[in-house]
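Visitor: give the three-dimensional model of this entry:
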Amino acid sequence: MRVKICGITKPEQGEAIAGLGATALGFICVPASPRYVTPAGILAVVERLPVPVDRIGVFANTTKEEICQVVAGARLTGVQLHGDESAEFCGELRQALAGVEILKAVRVRTPEALSGAAGYAGWADTLLLDAYHAEQLGGTGKTLDWSSLRLFRPSCPWLLAGGLTPENVVEALSAVRPDGIDLSSGVERAPGDKDLGKVARLFERLRLLRF
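Guide: Sure thing, here's the model as predicted:
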């Protein structure tokens with residue numbers, strides 16, 4: 001199972017989290033976020049990684065040109081679009097960034113949002129379902145109604161996000177079977193400051209599930 005730990009800001013924490021077993025690290029490229037990290041900051045993490053992992057930059061309503069600049073400067077392997085980007089924009093970005101994974105995050109507010117999420121499947125490589133919050137794009141600690149996702153079967157891989165923690169991940173994965181999970185606030189001491197003890201407990205729980 002793919003495990004993405006998002007909101008990395010500190011090189012030593014990125015290094016440790018990759019060593020603990022994360023398959024992807026997420027970097028917030030939205031300046032208004034308390035987890036924001038500059039391209040130079042991302043590169044500082046990337047240069048210390050002990051093992052190959054996916055390196056995903058998270059953007060929201062950013063221009064294609066700016067995204068491409070950050071991808072090149074920070075050596076990202078993927079782009080996560082967490083704003084109001086259209087399916088067509090996802091497709092344009094995928095053409096502009098050959099070989100770079102395009103993830104589209106959808107904040108699920110109503111059952112209809114799941115239909116909208118599935119509509120991105122032909123344009124993005126991977127979907128991510130997050131909890132809706134009126135004022136925050138992500139990292140809110142709010143969970144989704146996992147039972148509503150049991151029949152969610154898009155034509156591309158998808159990640160479950162939204163309020164996941166080491167304590168509830170077993171329950172979540174018993175209710176729904178995503179291709180991967182994404183955690184941020186659930187393994188933090190404060191925004192952008194990861195709790196390595198919580199990250200270690202997360203992987204202990206996942207090993208018990210044999211993922």
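Visitor: just the terminal-to-terminal distance for stretch 183-197.
Guide: With CA to CA, to the nearest Å as the measure, stretch 183-197 spans 14 Å from end to end.
Visitor: ditto for stretch 28-37
Guide: In stretch 28-37, first residue to last residue: 6 Å (CA to CA).
Visitor: and stretch 174-191, how far out from the chain middle?
Guide: 9 Å (CA atoms, centre = their mean, to the nearest Å).
Visitor: and what of stretch 66-82?
Guide: Counting by CA atoms, centre = their mean, stretch 66-82 comes out at 13 Å from the chain centroid.
Visitor: what's in contact with the helix or strand bottoming out on mean pLDDT in the chain?
Guide: Lowest on mean pLDDT, DSSP states H and E among the helices and strands of the chain sits helix 112-118, with a mean of 79. Helix 112-118 has contacts (CB atoms under 8 Å, 6 or more residues apart in numbering) with 104, 106-108, 127, 129, 132, 148-149, 152, 154-155, 158. For every residue, glycine as well, the C-beta is placed using N, CA and C.
Visitor: name the residue closest to the centre of this structure, please.
Guide: residue 182 (5.0 Å; CA atoms, centre = their mean).
Visitor: that one - that's part of a strand, no?
Guide: Yes - per DSSP: H, G, I helix; E, B strand; the rest coil, residue 182 lies within a strand segment.
Visitor: next, the buried residues of the least confident helix or strand of the chain.
Guide: Buried residues in helix 112-118, counting neighbours by 16 or more other CB atoms under 10 Å, are found at 114, 117-118.
Visitor: circling back to that earlier point, for the residue nearest to the centre of the chain, list each beta-bridge partner.
Guide: Going by DSSP bridges, residue 182 is paired in beta bridges with residue 4.
Visitor: wait, doesn't it sit right on residue 22?
Guide: No - in this structure, residue 182 is not within contact of residue 22 by CB atoms under 8 Å, at 10.4 Å.
Visitor: list residues touching both of these two?
Guide: With CB under 8 Å, 6+ apart as the test, residue 182 and residue 22 both reach 4-5.
Visitor: residues contacting residue 128?
Guide: By CB under 8 Å, 6+ apart, the contact set of residue 128 is 80, 103-106, 158-161, 182.
Visitor: that one belongs to a helix, doesn't it?
Guide: No - using three-state DSSP, the secondary structure at residue 128 is strand, not a helix.
Visitor: quickly name whichever of the buried residues of helix 112-118 is closest to residue 54.
Guide: residue 117 (20.6 Å; CB to CB).
Visitor: this protein: strands as residue ranges?
Guide: With DSSP state E as the criterion, the chain has strands at 2-6, 24-28, 54-59, 78-81, 101-108, 126-131, 158-160, 180-183, 188-190, 193-194.
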